[in-house]
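Peer 1: predicted model and sequence follow; I will ask about them next.
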Amino acid sequence: MPTRRKFIVHTVIGSSSILATCKAAASGSAEINKPVVLSTWDFGFPANAEAWKVLDNGGRALDAVEAGVKIPEADPKVQTVGYGGYPDRDGHVTLDACIMDDQYNCGSVMFLEHIKHPVSVARLIMEKTPHIVLAGEGALQFALANGFKKENLLTPESEKEWKEWLKTSKYQPKMNIENSSFNKDTLPGNKVNHDTIGMIALDKDGNLGGACTTSGLAFKMHGRVGDSPIIGAGLYVDNEIGAATSTGVGEEVIRITGSFLVVELMRQGLSPEKACYEAVQRIIKRSPAKAKEIQVGFLALNKNGEYGSYALQKGFSYALTDPNNNKMTDSKSVY
């Protein structure tokens, strides 16, 4: 007949075995797809190529995502990120960006003018200041004090389109807007979409990192800031669970703290795709009529290198690079 002492011993041993199994999985004993990098939209394809140079050489996810998103930031043909971005309704190109590492360290810039690489300014804020966010003139002062060059970011092409818009001054964001001047030959399928670029990565050491950068909605009100530079909205990284980023109409993402929500849903055991789906459903539940008229998409990656996405509307695509893939993928959508 089993004694109470034997029952306790067996229970402790069984619990220890379960705990050991969980620790082994968390430490990488289970098969993990790594390194891997994901980014939103078709211009994420060349961005991933730059990030992969870092990851393939054993570098940190943080370094990879910064290097990756700097590609569209510097490309004048990408009119929703960095240099060449559409101005606000007053003709100012204002940029937002954030970055986050595997230790909950993060940095952000909002309403930054004249600096081509806001993501790098965000990283310096993370590494060199006690703050997380700098905005406007203060962000510019910090950037210039740290060696960044002041530049005119308004290209002739974007200025021309802004002046054309001024004739009607009608503000109506377009879903999955295409940039016909972008080099389609560099992308698989000759598909060209553009918006915010959010990038998330898992490196060979099993650590996560993420970055998000944008020039915001075209012809927005002067001073408008969307979800992209807001930690928890446009980007969130939790090295125990996973990372997520978003794209689309930032106001709707902010209302549900979208990227943080996706990561917390993965914490509850949902797959990356299912977590993104549930976040999209949260937007629909809050405002079903409006959700049919706008685009919001989420992209997620967990600690096992599993990934997924979901969007409100068809048209959202993301770039994937891992040891076995280098491709564009169309996201699933509700509508």
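Peer 2: Arrived safely.
Peer 1: okay, and for the stretch 51-200 of the chain, where does confidence drop off?
Peer 2: Applying pLDDT under 70 to the stretch 51-200 of the chain picks out residues 171-194.
Peer 1: now do the helices in it.
Peer 2: Assigned by DSSP state H, counting those that start in this stretch, the helices in the stretch 51-200 of the chain fall at 61-73, 118-128, 136-145, 156-165.
Peer 1: could I get these as TSV with mean neighbour count?
Peer 2: Heads up, the C-betas are built off the backbone N, CA and C, glycines and all. Below are these laid out as TSV (neighbours: other CB atoms under 10 Å):
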stretch	mean neighbour count
helix 61-73	27
helix 118-128	23
helix 136-145	17
helix 156-165	14
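Peer 1: out of those helices, nearest to residue 52?
Peer 2: helix 61-73 (7.5 Å; CB to CB).
Peer 1: wait, residue 65 sits on residue 200?
Peer 2: Yes - between residue 65 and residue 200 there is a contact under CB atoms under 8 Å: 7.0 Å.
Peer 1: which residues are in contact with each of those two?
Peer 2: When CB atoms under 8 Å, 6 or more residues apart in numbering defines a contact, the residues bordering residue 65 and residue 200 alike are 37, 209, 210.
Peer 1: now do the strands in this structure.
Peer 2: For the chain, applying DSSP state E gives strands covering 36-40, 95-100, 106-112, 133-135, 197-202, 208-214, 235-238, 242-248, 296-302, 307-311, 317-322, 325-330.
Peer 1: now render those strands as a markdown table, adding distance to residue 269 and mean neighbour count.
Peer 2: Formatted as a markdown table, those follow (distance: least, CB to CB, whole Å; neighbours: other CB atoms under 10 Å):
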| stretch | distance to residue 269 | mean neighbour count |
| --- | --- | --- |
| strand 36-40 | 20 | 29 |
| strand 95-100 | 23 | 32 |
| strand 106-112 | 25 | 26 |
| strand 133-135 | 32 | 20 |
| strand 197-202 | 19 | 32 |
| strand 208-214 | 18 | 31 |
| strand 235-238 | 14 | 28 |
| strand 242-248 | 12 | 32 |
| strand 296-302 | 10 | 30 |
| strand 307-311 | 14 | 27 |
| strand 317-322 | 23 | 24 |
| strand 325-330 | 23 | 15 |
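Peer 1: let me have those strands in JSON lines, extended by distance to residue 53.
Peer 2: Converted to JSON lines, the strands of the chain look like this (distance: least, CB to CB, whole Å):
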{"stretch": "strand 36-40", "distance to residue 53": "10"}
{"stretch": "strand 95-100", "distance to residue 53": "18"}
{"stretch": "strand 106-112", "distance to residue 53": "23"}
{"stretch": "strand 133-135", "distance to residue 53": "29"}
{"stretch": "strand 197-202", "distance to residue 53": "12"}
{"stretch": "strand 208-214", "distance to residue 53": "15"}
{"stretch": "strand 235-238", "distance to residue 53": "21"}
{"stretch": "strand 242-248", "distance to residue 53": "20"}
{"stretch": "strand 296-302", "distance to residue 53": "19"}
{"stretch": "strand 307-311", "distance to residue 53": "20"}
{"stretch": "strand 317-322", "distance to residue 53": "10"}
{"stretch": "strand 325-330", "distance to residue 53": "13"}
